[in-house]
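Q: This is the structure alone, sequence omitted:
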DNA sequence: GCCAACGTTGGC
DNA sequence: GCCAACGTTGGC
């Protein structure tokens, strides 16, 4: 039986290669890929669109904001360390964000656009909280780790012709001088409605512009 | 399509 | 390591 888990990008050289391959493929193949990929969005979860959820904004920027969780401390799953921290991303500069195995989180990832800004959240660790920011640099494409039986996030039900799970690529943007802890965030009346506070278990979630600006103000 | 049983998330 | 909250599965 497995222990617990959330989504975590894999910091391996293999991934970097895959990203490079995907980037190469993108121009010729991506356009083709999209129509082939069935929309498997959960019919029951009628989520607001990005525009609805992320637009109560004071500025004119046309990108959306998100929060993504990963585990910064070593933990072995199927014999592999699933640790991934903001420092790991900083060292790699760019990484795919694999391992998301929840439909709502996946659907949120599929709404992401290049240039969207994401908080990097450290979870299941000593001080859970927001550690920095990153940018979406490649929009959703099939999560190939779901097809690898050796991979901790293998899912035999994900078919190559009908992929069930998706990932985006992210690029390091900034690391905060301090972790903005969950404890601190929970105490801010401004963040009462934030998904992170209200829905602890969702690993990929939208952040409103107001929430984003407020949280940024805590570190500046 | 209900809902009980089961599995996972993730703070503590 | 515990366990509450909640997501998923599968029998009916």
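A: Yep, it's here. Just so we're clear, the structure is a prediction, and the values are computed from it rather than from any experiment. Numbers count the residues shown, from 1 in each chain, chains lettered A, B, ... in the order given.

Q: residue nearest the centroid of chain A?
A: residue A:68 (4.0 Å; C-alpha atoms, centre = their mean).

Q: Quickly note the distance from residue A:208 to DNA strand C.
A: Residue A:208 sits 19 Å away from DNA strand C, taking C-beta to the nearest atom of the strand, to the nearest Å as the criterion. In short, each C-beta sits where N, CA and C put it, glycine included.

Q: from memory that residue sits against residue A:66, does it?
A: No: the criterion here is C-beta atoms under 8 Å, and residue A:208 misses it with residue A:66 at 10.6 Å.

Q: Which one's more surrounded, those two?
A: Remark: of residue A:208 and residue A:66, residue A:66 carries more neighbours, 25 against 19, as counted by other C-beta atoms under 10 Å.

Q: which ones are touching the closest residue to the more buried one other than its chain neighbours?
A: Distances taken as C-beta to C-beta, 6 or more residues apart in numbering put residue A:118 closest to residue A:66, at 4.3 Å, once the chain neighbours are dropped. Residue A:118 is in contact with A:65-68, A:112, A:133-136, A:170, counting by C-beta atoms under 8 Å, 6 or more residues apart in numbering.

Q: So which of these are in helices?
A: The helices in this structure, assigned by DSSP state H, contain none of the contacts of residue A:118.

Q: mind listing the strands for chain A?
A: For chain A, applying DSSP state E gives strands covering A:65-70, A:76-77, A:80-81, A:94-96, A:117-122, A:129-142, A:166-181, A:204-207.

Q: For the longest one, which strands pair with it and how are they oriented?
A: In this case it means strand A:166-181. Partners of strand A:166-181 in the sheet, by DSSP bridges, are strand A:94-96 (antiparallel), strand A:129-142 (antiparallel).

Q: Pipe those into JSON lines and attach mean neighbour count and mean pLDDT per row.
A: Formatted as JSON lines, those follow (neighbours: other C-beta atoms under 10 Å; pLDDT from 0 to 100):
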{"stretch": "strand A:94-96", "mean neighbour count": "22", "mean pLDDT": "98"}
{"stretch": "strand A:129-142", "mean neighbour count": "21", "mean pLDDT": "98"}
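
Q: Output the ones you listed as CSV; include the columns distance to residue A:153.
A: Below are these laid out as CSV (distance: least, C-beta to C-beta, whole Å):
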stretch, distance to residue A:153
strand A:94-96, 12
strand A:129-142, 13
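
Q: worst-scoring helix or strand of chain A, pLDDT-wise?
A: Least confident element among the helices and strands of chain A, by mean pLDDT, DSSP states H and E: helix A:31-36 (a mean of 33).

Q: which residues does the residue nearest to the centre of chain A bridge with?
A: In beta-bridge terms (that is, DSSP bridges), residue A:68 pairs with residue A:120, residue A:204.

Q: residues contacting it?
A: Counting by C-beta under 8 Å, 6+ apart, residue A:68 makes contact with A:7, A:97, A:118-121, A:134, A:170, A:203-204.

Q: and which of those is nearest to residue A:88?
A: Checking the contacts of residue A:68 against residue A:88 with C-beta to C-beta, the nearest one is residue A:120 at 10.0 Å.
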